[in-house]
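Colleague: My questions concern the predicted model and sequence given below.
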Amino acid sequence: MDPSKDVFVKFYAPWCGHCKTLSPIWDELSELYKDVEDLKIGKIDYTLNEVEGVSIKGYPTLMFYPKHDKKGIVYEGVRDLESMKTWLEENSEVLKKNM
C-alpha cells in the first residue's frame, strides 16, 4: 500500500492449474519491469496470507494498485504477456512517465 509505487499483484493458490499456467508469464512481466523503480509486480499465495480489504473469489486474481489510489482495480483482460503489458502501459502513471 506504498503511496509512492504502482503495484500489480497476482493472488494465487499453489494447487491452482490456471495459476501454474500464468506463472511463467507473470515472471516475464516482472522481469520486463524490474528496473522501473516505482512499479512493483508481485505475487501472494492467498492460501497462506490474507490481505486486509482484499476479497478473492477465484484464482488467480490480478489486482492493480495505482500509487495514488489503493482501492485496487481487478485486471480482467487476457492473461498473456502482451495484453497485460499493454494494459499496464495504459493504466500505470509510472509507466506513462517512463515512456
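Modeller: Arrived safely.

Colleague: Can you give me the buried ones in the longest helix seen in the chain?
Modeller: For the chain, the helix reaching the highest residue count under DSSP state H is reported as helix 17-32. Of the residues in helix 17-32, Cys19, Leu22, Ser23, Ile25, Trp26, Leu29 count as buried by neighbour count, 16 or more other Cβ atoms under 10 Å. In short, each C-beta sits where N, CA and C put it, glycine included.

Colleague: residues touching the nearest residue to the third one once chain neighbours are set aside, list them.
Modeller: It stands for Ser23. Nearest in space to Ser23, with sequence neighbours left out and distances taken as Cβ to Cβ, 6 or more residues apart in numbering, is Tyr12 at 7.9 Å. Residues near Tyr12 by Cβ atoms under 8 Å, 6 or more residues apart in numbering: Cys19, Leu22, Ser23, Lys43, Ile44, Asp45, Tyr46, Tyr59, Pro60.

Colleague: ok, back up a step: now for the longest helix of the chain, which elements pack on it?
Modeller: strand 6-12, strand 39-45, helix 81-91 (3 or more Cβ pairs under 8 Å, 6 or more residues apart in numbering; DSSP states H and E).

Colleague: Give me the contact list for that helix.
Modeller: Against helix 17-32 from outside (Cβ under 8 Å, 6+ apart): 8, 10, 12-13, 41-43, 59-60, 79-81, 84-85, 88.
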